[in-house]
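Colleague: Quick one, structure for this:
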Amino acid sequence: MTPEYPTNEVDSVRSDVEVKEGSAFMGTYRDRERFIPFRRRDIVEMLLAHGGLRTEEAKHNFRQFCELLQSILHFEFRKKLDLLKNAYFPFSPDQRCRRNHSPEELDAAATELFATMRSVLDCANFEDLSVANPGNAATGESTLKLKVLVEMDDFEEVRLFARGRYTVCAERDVLLGLRKRPIEYQALQRVVLMVRFKCREHFDRQERTHLPFTPGSTIVKLFKDVPRSDLMMLLPNSRAVMKTKDKLMLGVPAVAGGIPLLATKVLPAAITLFAIAGLYLGLDARVHENQLQELAAVLAGGLALGGFCVQQWMKYKNKLYEFQKDLSDNLYFRNLVNNEGVFHSIVDSAEEEDCKEAFLAYYFLLVTGRALTEPELDDLVEAWFEDSHGCTLDFEVNDALRKLERLDLLTRSPSGRLSVPPIREALRRLDYIWDNYFQYNQPLSDPQAGRGELTNDRIGRSA
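Modeller: Sure thing, here's the model as predicted:
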């Protein structure tokens, strides 16, 4: 039975929030993201500043509601974190405690790992960019001055997830740096990469022994501010190679500088060398005195040719090292966390997004003053972000309502209208859930006490 509340709580909630009566439009957008680009704490302050809660008591109760709801979701996501860590253990390249796993165990662990990751990343409002060839996910003009090659055959599975699209305007050098050309590209605020390498037998068949990775392992990485056109550089076996333009810039000067060297140094020295060799072999050949003088230039010509070749080779290698350094710098400064540490980060992000969605749905259902339909709530939240904060997004209203309904904070009428309990009743329901996660503190007089559960008294005596 729902308790009655003093009039002051009802009066403390505004009921003049604008919602078009009978609105049945719930927008679905291809160019909008589900990600809410504000912190959880900022969302609470933004809602309190909205004016739907009039009194300080109502605002205080709403803060308590948000804190309690956040604690419940944090406890639930901790279980998902444990699932991820346990499923990842057989594939981690950093594990210290090793044991042999059967192929069946590895397959089951891989299935659970990738399925749980997809679930958590979906809660964190990441979009799945994975396709048969991850290179297809890279769109637009590359921001790198190099070409990246990847041996896709090394991987058993590759998954890419991204969140937070934004546009970057930059400049690129053209005409050997004499001019600058403006470019515009799409960047991704966060990118999660999951790569599972093939087993050792695959690399043994290719006679590849000195590998920078552990065959059969799975690596997980989190990057920031990645240009979408350069996603391929994130793969662990990517390597920098020269573009055709760079090869021409090295090759044309080399040919232009080599032709005079061949004509003035190498060719005369070669003619003299052949003439002297013919004389010693008894062939009809004459060596003029000036040719004997040029014989001394043979060594100089050979050294000049050798030095020229070494110089061009070093230019080529230095250019490759420069490209590889650019690639390494891009990865170093964009990489946030690796392997098991990624799980903590994405679980925290998923918890953050779930909290924000639940706060928004509960608040606007509370202050609107009448029961809303699901499309009306969706449009109301999206319009508030766009009008009040200049942010366009696709609010995950279905996900938000599922959370409220699961926590007994949502009522659906037969006509599909939605309503939520007052704040103090919502606090009571959340507190009941929180207090009953564990029930080991029942008194000894309780007939259920002692049946596989420890009470506080028994814990104290056993300690």
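Colleague: what's the distance between residue 42 and residue 48?
Modeller: Residue 42 sits 11 Å away from residue 48, going by Cβ to Cβ, to the nearest Å. In short, each C-beta sits where N, CA and C put it, glycine included.
Colleague: Compare the two and say which one has the larger neighbour count.
Modeller: residue 48 (17 against 13; other Cβ atoms under 10 Å).
Colleague: what's around residue 405, how many residues?
Modeller: Residue 405: 13 neighbours (other Cβ under 10 Å).
Colleague: which one is it nearest to, not counting chain neighbours?
Modeller: Distances taken as Cβ to Cβ, 6 or more residues apart in numbering place residue 412 nearest to residue 405, at 7.7 Å, with adjacent residues excluded.
Colleague: which residues does the one you found bridge with?
Modeller: Beta-bridge partners recorded for residue 412 (DSSP bridges): residue 418.
Colleague: For it, the count of nearby residues, please.
Modeller: 14.
Colleague: Show me the shaky parts of this protein.
Modeller: For the chain, the stretches with pLDDT under 70 are 1-31, 96-99, 131-146, 174-177, 241-308, 312-313, 316-317, 319-321, 323-324, 442-463.
Colleague: Mind jotting down where the helices sit in this protein?
Modeller: 7-11, 40-50, 56-88, 103-123, 200-205, 244-261, 267-280, 289-334, 340-367, 374-389, 397-406, 423-435, 456-462 (DSSP state H).
Colleague: ok, residue 396 touching residue 357?
Modeller: Yes - using Cβ atoms under 8 Å, residue 396 is in contact with residue 357, at 5.6 Å.
Colleague: what residues are shared contacts of these two?
Modeller: Counting by Cβ atoms under 8 Å, 6 or more residues apart in numbering, residue 396 and residue 357 have no common neighbour.
Colleague: what sits against residue 418?
Modeller: Here residue 418 is in contact with 365, 371-374, 377, 401, 410-412 (criterion: Cβ under 8 Å, 6+ apart).
Colleague: give me that answer again for 6 Å
Modeller: 365, 371-372 (Cβ atoms under 6 Å, 6 or more residues apart in numbering).
Colleague: Distance to residue 147 and neighbour count added to those, as a markdown table?
Modeller: What follows is those, written out as a markdown table (distance: Cβ to Cβ, whole Å; neighbours: other Cβ atoms under 10 Å):
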| residue | distance to residue 147 | neighbour count |
| --- | --- | --- |
| 365 | 53 | 24 |
| 371 | 58 | 17 |
| 372 | 53 | 22 |
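Colleague: Now render the residues you listed as a markdown table, adding distance to residue 345.
Modeller: Formatted as a markdown table, these follow (distance: Cβ to Cβ, whole Å):
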| residue | distance to residue 345 |
| --- | --- |
| 365 | 31 |
| 371 | 38 |
| 372 | 35 |
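Colleague: Go through those residues and say which is closest to residue 106.
Modeller: residue 365 (46.1 Å; Cβ to Cβ).
Colleague: Go ahead and confirm that closest one touches residue 421.
Modeller: No - contact between residue 365 and residue 421 fails when scored by Cβ atoms under 6 Å: they sit 9.9 Å apart.
Colleague: How about residue 395, nearest residue that isn't a chain neighbour?
Modeller: residue 381 is the one closest to residue 395 (Cβ to Cβ, 6+ apart), at 4.5 Å.
Colleague: cool, residue 36 as well?
Modeller: Here the residue nearest residue 36, using Cβ to Cβ, 6+ apart, is residue 356, at 5.0 Å.
Colleague: Give me the neighbour count for the one you found.
Modeller: 25.
Colleague: repeat for the one 4 residues further on
Modeller: Other residues near residue 360 come to 23 when the count uses other Cβ under 10 Å.
Colleague: Residue 336 now?
Modeller: 15.
Colleague: And it, how far from residue 345?
Modeller: Applying Cβ to Cβ to residue 336 and residue 345 gives a distance of 7 Å.
Colleague: Mutual contacts of these two, please.
Modeller: Counting by Cβ under 6 Å, 6+ apart, the common neighbours of residue 336 and residue 345 are residue 222.
Colleague: mind listing what residue 74 touches?
Modeller: Residues in contact with residue 74 (Cβ under 6 Å, 6+ apart) are residue 351.
Colleague: for residue 187, that is, sorry about that
Modeller: Per Cβ under 6 Å, 6+ apart, neighbours of residue 187: 166, 168, 225, 227.
Colleague: Just those: which are in strands?
Modeller: 166, 168, 225, 227 (DSSP state E).
Colleague: returning to what we had before: need the contacts of residue 187 in JSON lines (columns: distance to residue 191 and neighbour count).
Modeller: Output for the contacts of residue 187, formatted as JSON lines (distance: Cβ to Cβ, whole Å; neighbours: other Cβ under 10 Å):
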{"residue": "166", "distance to residue 191": "13", "neighbour count": "11"}
{"residue": "168", "distance to residue 191": "15", "neighbour count": "12"}
{"residue": "225", "distance to residue 191": "9", "neighbour count": "15"}
{"residue": "227", "distance to residue 191": "10", "neighbour count": "21"}
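Colleague: Kindly export stretch 112-122 (C-alpha atoms) in PDB.
Modeller: Extracted in PDB, the C-alpha atoms of stretch 112-122 (Å, rounded to 0.1, in the frame of the first residue of the first chain):
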ATOM      1  CA  GLU A 112      31.500 -15.200 -22.300                       C
ATOM      2  CA  LEU A 113      34.200 -12.600 -22.600                       C
ATOM      3  CA  PHE A 114      33.100 -11.100 -25.900                       C
ATOM      4  CA  ALA A 115      29.400 -11.400 -25.000                       C
ATOM      5  CA  THR A 116      29.800  -9.600 -21.600                       C
ATOM      6  CA  MET A 117      32.000  -7.000 -23.200                       C
ATOM      7  CA  ARG A 118      29.300  -6.300 -25.800                       C
ATOM      8  CA  SER A 119      26.700  -6.000 -23.100                       C
ATOM      9  CA  VAL A 120      28.800  -3.700 -20.900                       C
ATOM     10  CA  LEU A 121      29.800  -1.500 -23.900                       C
ATOM     11  CA  ASP A 122      26.200  -1.300 -25.000                       C
END
